[in-house]
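Asker: Sharing a sequence plus its predicted fold:
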Amino acid sequence: MRKTLLTLAVLASTALANALNLYSPDSTFVMEFKILDGGIPAYNLNYKGKPVILDSKLGLLLKADQGTMSYDDLSRKNDVVDKSSLYNGFEVKSVATASQDTVWNPVWGEESEIRDHYNEMAVTLHQKQNDRDMVIRFRLFNDGLGFRYEFPLQYNLNYFVIKEELSEFAMTGDHWAYWIPGDYDTQEYDYTKSRLSEIRGLLEAAVTGNLSQTIFSPTGVQTSLLLKTDDGIYMNLHEAALIDYSCMHLELDDKNMVFRSWLTPDAMGDKGYMQSPCKSPWRTIIVSDDARDILASRITLNLNEPCKIEDTSWIKPVKYVGVWWEMITGKCEWSYTYDLPSVKIGETDYTKVKPHGKHGATTENVKKYIDFAAEHGFDEVLVEGWNVGWEDWFGHSKDFVFDFVTPYPDFDLPYLRDYAKEKGVKIMMHHETSASVRNYERHLEQALQFMNDNNYDAAKLGYVGNIIPRGEKHYSQWMVNHYQYVLEQAAKHKVMINAHEAVRPTGICRTWPNLIGNEAARGTEYYAFGSIKTGHTTILPFTRLIGGPMDFTPGLFQMDIAKVNPNRPVKVNSTICNQLSLYMTLYSPLQMAADVPESYEPYMDAFQFIKDVHLDWDKSVYLEAEPFEYVTVARKVKNGEDWFVGSTNGEKKRTSKIKLDFLTPGAKYEATIYKDGKKADCYDNPTDYVIEKKKVTSKTTLKIDEARGGGYAITIRKL
Ligand code: NOJ
Ligand code: CA
């Protein structure tokens, strides 16, 4: 571990500090902090001598009962400073600078060592009219900026309620944006690439087209947001360490091309209940003229706290199969009966109802999956629909819906638990909360203990439906605190968590590495619903994955869904090699082979890649990248000599050309290349592939054709 260098320079001056510069360690970036007229704090950012963020104001507006100003009042009347303003009337009280250059080791990840290298400036601001202080802390890395607000303990700012955060990100032009619409409850959207100026029209058209989206503003988008300028600069806006605060969206002022933060309201319409000392999450801006650097940036992880779990030996990467796809495709059901016993949880006598015969999580079916997992070296078998309550699991705003401990009568839990153990695999728990969060919290301790007692070590959570307490949103502060509570309680029980429909991640897996997965984007299930844009998986690494791993659940081999469920005439627009590549390009320590076992049988030679691929790496090298077009990455196995490569392609056919100069010079390797066949095409011929073996060294260059919606995967074994 490199030594931390800490230099503190405190300037006890007010007038002096009209403009303060902060440089990144390599001087690629310079950030300027200043106080604008009216005492409004602001910053701008230059990259390689060019502005990338113009003067952008910083601050917050507090709830009206602590003052009466609206944001418009504040911008018109800068000289008025009332109690609702944490926005104007500021002067610089002191400035502290520091530098750090350390290396830390994640429990799992894309590399085994992460460098945390930055220069920091913490500006303490004083607001005379209200006699209160606020600190804005900036950290400038060689790949971008992070800043956050800190509220020291003080009499005049002790309890406060946030009406809105007013952080700005002023763009230098009408950039390309890769965005999903603002929504307080879901990120399960296709991405759109458009000019900033086109967002309003596209969102308005989507609303009138009755897309199921709750738009808070006609120019509201979610983070992590990717931007590209006309001179080829890529920029990612997101947040890090979202703890005890509400999730940030961005609203575009499209006259001036300025994004402003827009927090998720709670059931009361408030945006944050705070008690000093406290702080906001970090707001992050990753910038590079090379798209690959955006993917390699570790700013989000670096801005989170070090690991808080002392003994991490129980946290492991997990490769799994599951009783899942057959429900998503409609072949089977989560529920046991259609003979709806409309009673409350725990009051249903399932021996008295008629099973519909389509239940997926039966003892016999789960046993089949356990055998398949054991035969092919998978760690776990996810079983959804194992517990009572699925007859009316969402849509009725039911408070008591599941108890998380009572199996259906045809799921012999003790037998399967012991059978799985004998075979050396684990069953993965599934807790669908139906977004009845109060019900889940009621049962959580018992549910985790039940897992400990029955040999479960990982749980997939679900939050489908409207949140109870009613009126809360999936991304409000109260819910953010809930996800965090579950994660920490689970850690006490040595349980790993993969939460679906939860707030999108912000690097918290550094502090709590038992968070091995999240959904928070459109995942494989949408292939079964017939709607994943080709190229979607080439934008996810630039957006959703910036915050942490995604449980995308790749591995579909049967691209004609009607072959799984004849009533679902849907085609998957992805080639088999595209699916293989996702194990590499969508990094996660949790990876599923999502298809039903029968789908793999005809293609066992290609399935071998899924069996072989690792989930934890020493090193990752991004070789090619362009959002919405392609991503190619090489990764070295943790504590090993072998490498794996994956390339995911979007809508246009292309030839990938990569140099294997990341291999050890002088060493010999054998590469097994899984690539699209000559006639492969994600729409017309998704199952055409070729497997080729060849000897390679660090001097080898490979040229590989990729189909529309195609890709390739390579195993490189050291000889
Ligand atoms: C939505 C999740 O994303 C999906 O994976 C799960 O099967 C269902 N909810 C049911 O919990
Ligand atoms: Ca989902």
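Answerer: Looks like it arrived, so ask away. Numbering: from 1, shown residues only. Ligands and ions are numbered 1, 2, ... in the order given.

Asker: Do I have it right that residue 348 meets residue 392?
Answerer: No. Using C-beta atoms under 8 Å, residue 348 makes no contact with residue 392, being 10.8 Å away. To be clear about C-beta, it is placed using only N, CA and C from the backbone, and glycine gets the same treatment.

Asker: Between the two, which has more neighbouring residues?
Answerer: residue 348 (19 against 14; other C-beta atoms under 10 Å).

Asker: ok but that one is inside a strand, no?
Answerer: No. Under the criterion used here (DSSP: H, G, I helix; E, B strand; the rest coil), residue 348 is coil, not part of a strand.

Asker: so what pLDDT did it get?
Answerer: What the model reports as pLDDT for residue 348 is 77.

Asker: Residue 713 versus that one, what's the distance?
Answerer: Residue 348 sits 46 Å away from residue 713, taking C-beta to C-beta, to the nearest Å as the criterion.

Asker: Following the lowest-mean-pLDDT helix or strand in the chain in sequence, what is the next regular element?
Answerer: Within the chain, no helix or strand scores below helix 71-76, which has a mean of 57 by mean pLDDT, DSSP states H and E. As assigned by DSSP states H and E, the chain's next helix or strand after helix 71-76 is strand 85-86.

Asker: partners of that following strand, with directions?
Answerer: strand 60-62 (antiparallel) (DSSP bridges).

Asker: show me where the chain has helices.
Answerer: Residue ranges of the helices in the chain, as given by DSSP state H, are 71-76, 199-208, 291-296, 299-302, 325-328, 363-376, 413-423, 437-453, 477-492, 525-528, 536-539, 576-585, 597-600, 604-612.

Asker: right, and residue 368 touches residue 597 too?
Answerer: Yes. Counting by C-beta under 8 Å, residue 368 sits close enough to residue 597 to count as a contact (6.9 Å).

Asker: Which positions in this protein make contact with ligand 1?
Answerer: Selection of the chain residues close to ligand 1 by C-beta under 6 Å from any ligand atom yields 324, 384, 432, 462, 464, 500, 519, 525.

Asker: try 8 Å this time
Answerer: Residues of the chain lying close to ligand 1 by C-beta under 8 Å from any ligand atom are 324, 327-328, 334, 384, 393, 430, 432, 460, 462, 464, 500-501, 519, 523, 525, 551, 553.

Asker: can you give me the end-to-end distance of stretch 179-197?
Answerer: 13 Å (C-alpha to C-alpha, to the nearest Å).

Asker: Give me the distance between the residue lying closest to residue 448 once chain neighbours are set aside and ligand 1.
Answerer: Of all residues not flanking residue 448 in the chain, residue 493 sits nearest, at 4.1 Å (C-beta to C-beta, 6 or more residues apart in numbering). Distance, residue 493 to ligand 1, using C-beta to the nearest ligand atom, to the nearest Å: 21 Å.

Asker: Backbone dihedrals for residue 493, please?
Answerer: Per-residue torsions, residue 493: phi -100, psi 10 (degrees, to the nearest 10).

Asker: Contacts only, for residue 499.
Answerer: With contact set as C-beta atoms under 8 Å, 6 or more residues apart in numbering, residue 499 has these partners: 460-463, 483, 486, 515, 517-519.

Asker: Just give the closest residue to residue 330, not the sequence neighbours.
Answerer: Excluding its sequence neighbours, the residue lying closest to residue 330 (C-beta to C-beta, 6+ apart) is residue 565, at 4.8 Å.

Asker: Can you give me the pLDDT of the spatially closest residue to residue 372 that is not a sequence neighbour?
Answerer: Leaving aside its chain neighbours, residue 372 sits nearest to residue 597 (4.5 Å; criterion: C-beta to C-beta, 6+ apart). In this model, residue 597 is scored at 98, pLDDT.

Asker: My read is that residue 597 contacts residue 321, right?
Answerer: Yes. Taking C-beta under 8 Å as the definition, residue 597 is a contact partner of residue 321 at 7.3 Å.

Asker: Between these two, which contacts overlap?
Answerer: Common contacts of residue 597 and residue 321 (C-beta under 8 Å, 6+ apart): 369, 372.
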